[in-house]
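Student: Sequence below, structure please.
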Amino acid sequence: MSFEVRFRKTLPGSGFALDIAFATTARRTVIYGPSGAGKSLTLQALAGLQRPDEGRIACDGEALFDAAAGIDLPARRRRFGYLFQDYALFPRLTVRQNIAFGLRRGWLNPPRRVDDPAVQRWLQAFELEGVAGQLPGELSGGQRQRTALARALVSEPRALLLDEPFSALDAALRARLRDELQQLLDRIDIPMLMITHDAEDLERFGQQRLLLEAGRIVAA
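Tutor: Numbering: from 1, shown residues only. Just a heads-up that it's a prediction; the model follows:
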C-alpha cells in the first residue's frame, strides 16, 4: 500500500497550521512526535474526519482528497479502519452492537441480537464471545481495545489507522497488547499507519518512521 500526502490546514482561532508532506509504501508506517505536534489532526485528515484547506491525499494512486480537482471522499468511502485514542465505543451498546456498528450506514443502532457472520468472526478472533452482551463500562482495558479493533476491521478495510492505541493503558497491558496487535497484523496482513509519542511503539511497528514536529514532517 502507498500513501502520497501533501496538504495544509490552519485551525481557526488557534493559529496552529499543518503543512504535511510525505510518501510511504511501507506496510507499517509510524508518525511520531511530541504532544501537540499535529499527529491526530494528520491522521484525521487521511481518514476524512478533517478537511484540509488545500493539497492532495492519495492511497494506492486513488485520490481521496484533491482540493484543485474538487475531490473529497467521505470517510466511509475511503475504506479505512480507524481506532480512536479513547476507542470511542458507544457506552449504551453491547460489545456485539459496537462491532456491528462498523457495518452500518447512518446512525441507526444495530439490534441487540444482531446475527452477522462478520461480527461473529471478529468476536471469535478477539476472544470476545464471552463478553459479547456486556457494555463497554463492564470491560477491561484490553477488552475495550479489542472491541474497538474488531469494529474497525469488521468492514474489511484496506488499512488500519491507529491513534495512540496504547496511551490509555498501564505498562503491563501496553506490552501485552503490542504483542497482540503485532500477531494480528502478521495474521491478517493488513497495512497500518499509527501515530504515537511512545518510543516502544516506534521500535516495534515503525518500518517507515516519520517525525512530526510543530505541524511539519521534519525527518523520515
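
Student: Averaged over its residues, which helix or strand of the protein has the lowest pLDDT?
Tutor: Least confident helix or strand, the chain: helix 171-188 with a mean of 81, by mean pLDDT, DSSP states H and E.

Student: Quick one: list the elements packing against that one.
Tutor: The contact analysis (3 or more C-beta pairs under 8 Å, 6 or more residues apart in numbering; DSSP states H and E) places helix 171-188 against helix 141-153, helix 199-205. C-beta coordinates here come from the backbone N, C-alpha and C atoms, glycine included.

Student: who wins for proximity to residue 113 among those helices?
Tutor: Nearest to residue 113, of all those, is helix 141-153, at 17.4 Å by C-beta to C-beta.

Student: So what's the gap between the closest one and the chain middle?
Tutor: Mean C-alpha position of helix 141-153 versus that of the full chain (C-alpha atoms, centre = their mean, to the nearest Å) differs by 11 Å.

Student: Tell me which residues are up against it.
Tutor: Residues outside helix 141-153 that contact it (C-beta atoms under 8 Å, 6 or more residues apart in numbering): 81-84, 87-89, 95, 98-99, 101-102, 122-123, 125-128, 131, 136, 139, 160, 165, 168-170, 173, 176-177, 180-181, 184, 188, 190.

Student: Show the buried residues in the residues you listed.
Tutor: Of the members of the contacts of helix 141-153, the ones counted as buried by neighbours, 16 or more other C-beta atoms under 10 Å, are 81-84, 87, 89, 95, 98-99, 101-102, 122-123, 126, 128, 131, 136, 139, 160, 165, 169, 177, 181, 184, 190.

Student: Can you list which of the residues you listed are found in strands?
Tutor: 81, 82, 83, 160 (DSSP state E).

Student: what does the least confident helix or strand of the chain contact?
Tutor: Taking C-beta under 8 Å, 6+ apart as the rule, helix 171-188 contacts 28, 141-142, 145-146, 149, 153, 160, 165-166, 169, 192, 198, 200-201, 204-205.

Student: Same check on stretch 25-41?
Tutor: Here stretch 25-41 has contacts from 1-3, 9, 11, 16, 18, 20, 42-43, 50, 85, 163-164, 185, 189, 191-198, 201-202, 205-215, 217, using C-beta under 8 Å, 6+ apart.

Student: And the buried ones among those, selectable in PyMOL?
Tutor: In PyMOL, this line selects whichever of the contacts of stretch 25-41 come out buried by 16+ other C-beta under 10 Å:
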select buried, resi 3+9+18+20+42+43+50+163+164+185+191+192+193+194+195+196+197+198+201+202+205+206+208+209+210+211+212+215+217
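
Student: Of the contacts of stretch 25-41, which belong to strands?
Tutor: 3, 9, 18, 20, 163, 192-196, 208-213, 217.

Student: How is this structure partitioned into domains?
Tutor: The chain is divided into the following domains under automatic domain parsing: 3-79+158-219, 91-151.

Student: Where among those is average confidence lowest?
Tutor: Note on the domains of the chain: domain 91-151 shows the lowest mean pLDDT, a mean of 85.

Student: Kindly check the end-to-end length of it for me.
Tutor: Domain 91-151 has an end-to-end distance of 14 Å (C-alpha to C-alpha, to the nearest Å).

Student: No more questions from me, cheers.
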